[in-house]
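J.: return atomic coordinates for the entry below.
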Amino acid sequence: MAAPEWQQSSDIAQQVVKPMGFETPGESFPGSAFYYLADQPNLPATASGRPVDGAKLALRPSTGRLDTSPVANPLHFAGTATDRLRAQQCLTLAIYYEAANEPDAGQRAVAQVVLNRVAHPNYPNTVCGVVFQGSERTTGCQFSFTCDGSLARKPARQWWDRAAKVARAALAGAVYAPAGLATHYHTVQIHPYWADSLATVGTIGAHRFYRWRGAAGTAAAFSDFYRGGEPLAAPHPRSVVNTPDPADPLALARAYEAALKQTARAAPAAQRAPEAETRSAEALPALAGSGQVREEYARSGQWLREP
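T.: So this is what the prediction gives:
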C-alpha cells in the first residue's frame, strides 16, 4: 500500500464514532431504537386514501399545485414497419408544430396527450388518426396546425430532430407522468369555452392541460389497445360543408357517460319460443307412480303368518 493511502487509512481508524443513545449501555431499553427513526413525511392522500409516493411527486413539474391524478399506461406498439414510420411522422408533426420552442417537458406533455387519446374510445385508435382528426374542416380541427396553414411552413432541421427524438421515446413506451390522463390542452394566452368543464392537470411549458371529469376521465376509460393500421400522415381532404365538430369535449363526455350507463344495465332474460320449450323438455319414460307395488311384493317386510 502506498504511504499516502496508508496514512489516510490510519487517520480514519483513529476517528471515534459517538454511539447513539440506544447503543449506549444503561441508556436503552428493548425497542428504544424505534424512537430514533426519522418521521415519515406528511404526504397528501389520493382519492383511494393511500399517500402519494414522494419519489413520483419529485418528477412532476412545478405547476402551482400538487396533482395526484392517475398516470397513463405505456404504449405497446403493434403493427407493421409502415405503421411505425407513419406514427413517428404524425407524432413528430404534432410535437414540432405545437411545442417546437418549448423545453422537453412541454414537448413530452403534448406527445402524452396524443397517446392518451389513442387509448380512449372517444378518439381514433391510431396516432395519425388522432393528430389529423377534423383536419378536413376549416375550423374545429383537434390540432390547429392541421387546418390553419401551418404545414406550409417548412420545419427547421434542428428543432425537427429534437421533436422526433421525443416522439420515438413516447412510441417506445416512455410515459410522461406529470401529464397524467390529460386529453386536452390550450396555450396560456387563451381560455376556451370547454376549459371550465374539465379537470385541470396543470400548466406545463406554454400550455395548460386538462382531463375529463367523471367516468370518462378515469384510468379504466383508457381501455383501447393500439393495433396499428395507421392512415396516411397527411391532412384529410377539405370538406365542402363545415359540419359541427364531432370531437367537441363536452359532447364526447356526455356520449361516453350515456354509453357507460347503457352497457351497465342488466340484459333482459332471453325468451324462448314455444316450440323451443317443447323440444327442450325430455320425454321421460312412463314409470310406475308412487305406491304402486307389484302383487308378489305387497307383503314385503311383514311377519310370516305361518312358520
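J.: from now on I want contacts and neighbour counts done on CA atoms only, so please keep to that.
T.: Will do.
J.: ok, residues contacting the helix or strand hosting Gln112?
T.: Here Gln112, judged by DSSP states H and E, is contained in helix 104-118. Applying C-alpha atoms under 8 Å, 6 or more residues apart in numbering, the external contacts of helix 104-118 come out as 72, 75, 91, 94-95, 98-100, 123-127, 130-131, 163, 166-167, 170, 175-176, 178-179, 181-184, 204-207, 222, 224, 226.
J.: avg pLDDT for the next helix-or-strand element following it?
T.: Using DSSP H and E, the helix or strand that directly follows helix 104-118 along the chain is helix 127-131. For helix 127-131, the mean per-residue pLDDT is 98.
J.: buried stuff in the helix or strand just after helix 127-131?
T.: As assigned by DSSP H and E, the chain's next helix or strand after helix 127-131 is helix 157-171. Under the neighbour-count criterion of 16 or more other C-alpha atoms under 10 Å, helix 157-171 has 160, 162-164, 166-168, 170-171 buried.
J.: what angle do helix 157-171 and helix 104-118 make?
T.: 50 degrees (axes from the mean of the first three to the mean of the last three C-alpha atoms, to 10 degrees).
J.: now for helix 157-171, which elements pack on it?
T.: Contacts defined by 3 or more C-alpha pairs under 8 Å, 6 or more residues apart in numbering; DSSP states H and E place helix 157-171 against helix 81-99, helix 104-118.
J.: what angle sits between that helix and helix 81-99?
T.: Using the same axes, to 10 degrees, helix 157-171 lies at 120 degrees relative to helix 81-99.
J.: contact partners of helix 157-171?
T.: For helix 157-171, the external contacting residues (C-alpha under 8 Å, 6+ apart) are 75-77, 88-89, 91-93, 95-96, 100-101, 104, 107-108, 111-112.
J.: may I see the ChimeraX selection of the buried members of those residues?
T.: Buried residues within those, by 16+ other C-alpha under 10 Å, are selected in ChimeraX with:
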select :75,77,88,89,91,92,93,95,96,100,107,108,111,112
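J.: rewinding a little: may I have the helix holding Gln112 as CSV, with CA atoms only?
T.: Taking Å, rounded to 0.1, in the frame of the first residue of the first chain, the C-alpha atoms of helix 104-118 are listed here in CSV:
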residue,chain,number,x,y,z
ASP,A,104,-38.5,18.9,-23.1
ALA,A,105,-41.3,18.8,-20.5
GLY,A,106,-43.6,20.8,-22.8
GLN,A,107,-42.9,18.5,-25.8
ARG,A,108,-43.3,15.3,-23.8
ALA,A,109,-46.6,16.5,-22.4
VAL,A,110,-48.0,17.2,-25.9
ALA,A,111,-46.9,13.7,-27.0
GLN,A,112,-48.6,12.2,-24.0
VAL,A,113,-51.9,13.9,-24.8
VAL,A,114,-51.8,12.3,-28.3
LEU,A,115,-51.2,8.9,-26.9
ASN,A,116,-53.8,9.3,-24.2
ARG,A,117,-56.3,10.0,-27.0
VAL,A,118,-55.2,6.9,-28.9
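J.: sorry, back to before: turn the buried residues of helix 157-171 into a markdown table, including distance to Arg299.
T.: Conversion of the buried residues of helix 157-171 to a markdown table gives the following (distance: C-alpha to C-alpha, whole Å):
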| residue | distance to Arg299 |
| --- | --- |
| Trp160 | 104 |
| Arg162 | 103 |
| Ala163 | 100 |
| Ala164 | 99 |
| Val166 | 96 |
| Ala167 | 94 |
| Arg168 | 93 |
| Ala170 | 90 |
| Leu171 | 88 |
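J.: want to throw these into JSON lines with distance to Ala298 and pLDDT?
T.: Shown next, in JSON lines, are the buried residues of helix 157-171 (distance: C-alpha to C-alpha, whole Å; pLDDT from 0 to 100):
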{"residue": "Trp160", "distance to Ala298": "102", "pLDDT": "98"}
{"residue": "Arg162", "distance to Ala298": "101", "pLDDT": "97"}
{"residue": "Ala163", "distance to Ala298": "98", "pLDDT": "98"}
{"residue": "Ala164", "distance to Ala298": "97", "pLDDT": "98"}
{"residue": "Val166", "distance to Ala298": "94", "pLDDT": "98"}
{"residue": "Ala167", "distance to Ala298": "92", "pLDDT": "98"}
{"residue": "Arg168", "distance to Ala298": "91", "pLDDT": "97"}
{"residue": "Ala170", "distance to Ala298": "88", "pLDDT": "98"}
{"residue": "Leu171", "distance to Ala298": "86", "pLDDT": "97"}
